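In: how would this look folded up:
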Amino acid sequence: MRAPNMDVSLMEGTPRLDVALAQLRPVVGEPDTNLATVEAVLAEYEQADLMVWPELFLCGYTTMQAEALAETLEGTRVGRLRAAAKRHATAIVMGLAERCADGGIANSALAIDRDGRIAGCYRKIQLFGDEAEAFTPGNALQIVDLAGARVGLMICFDIEFPEIGRALAVGGAELLVSVSANMRPFGPDHRLCVQARALENRRPHVYVNQVGRGETFLFTGESCHADTAGRVRAACPPHTGRVVLANVSLEVETETRPDYLALRRPVPPVGY
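Out: Predicted coordinates for the structure are as follows:
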């Protein structure tokens, strides 16, 4: 087990992270069961620098029970997640329903670093379908420091809006991480979006989706890692619970393709 304060990019001589894609099915309405799954998988994959879990994994994907299952960041379950991250020196990105200080409920991606510190908690901006009735949309993007890398966070439907990934990349993100609960028939849409956001921003993109039938939907899986050229380098199968370890390079490959961010010019106004 690595010391939690070691910078992976410095330690290994190249800017790389071992990222575990935890494509697993949560039990809706049973956060303690799901938390026990997280603790067990962290113990099994201690070699991971970062472990990414699906959208709303802690409570299971729900719009009907979001209010009852929401967690505060100061609560016992989040405390257990922090302790597990520190114990195994593995950073975590985890989807949960967050009870906000103003009383609202957010569909959030909680980021915990390898020392157990909460690095940030991003609230989903682009709510999908019934989510708009259950959750308050976020109003800010977030880049967090995890395992020595600057990570830009997105949740599911967010990745279908190119401006979100671009803003994170322009803002300094070295790695894009998306947690998802994507269902039929939208599996091909998200595979395309994962690769496109990686290529157009020249940033690696890690995407982790749920599997199995949830409260309403059948989730498709197909979690993956796309490199800075948009090529899929690691992937989980559809409709199958699986943890896949991806070796993610943060280095932008420019031998074949240009660095679009470096070459971009201000967009002029639209003329009529």
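
In: so residue 200 lies in a helix, does it not?
Out: Yes: looking at residue 200 with DSSP: H, G, I helix; E, B strand; the rest coil, it is inside a helix.

In: check contacts around the closest residue to it other than its chain neighbours.
Out: Distances taken as CB to CB, 6 or more residues apart in numbering put residue 260 closest to residue 200, at 6.1 Å, once the chain neighbours are dropped. Every residue, glycine included, has its C-beta placed from N, CA and C. By CB atoms under 8 Å, 6 or more residues apart in numbering, the residues touching residue 260 are 200, 201, 202.

In: which residues of the stretch 151-272 of the chain fall in strands?
Out: Using DSSP state E, counting those that start in this stretch, the strands of the stretch 151-272 of the chain run over 175-180, 205-209, 211-213, 218-220, 224-226, 232-235, 242-249.

In: by contact count, what packs against the longest one?
Out: Judged by 3 or more CB pairs under 8 Å, 6 or more residues apart in numbering; DSSP states H and E, the packing partners of strand 242-249 are strand 16-23, strand 232-235.

In: distance between the longest one and the chain's centre?
Out: So that's strand 16-23. Mean C-alpha position of strand 16-23 versus that of the full chain (CA atoms, centre = their mean, to the nearest Å) differs by 10 Å.

In: what lines up beside that strand in the sheet?
Out: Partners of strand 16-23 in the sheet, by DSSP bridges, are strand 50-52 (parallel), strand 242-249 (antiparallel).

In: what mean pLDDT does the first one get?
Out: By that I understand strand 50-52. The average pLDDT for strand 50-52 rounds to 98.

In: and the contacts of the helix or strand following it?
Out: For strand 50-52, the succeeding helix or strand toward the C-terminus, using DSSP states H and E, is helix 66-69. With contacts defined as CB under 8 Å, 6+ apart, helix 66-69 is touched by 29, 31, 59, 60, 62, 97, 105, 107, 134, 135.

In: what's the closest non-adjacent residue to the fourth one?
Out: Right, the one you point to is residue 60. Using CB to CB, 6+ apart, the closest residue to residue 60 is residue 28 (3.2 Å).
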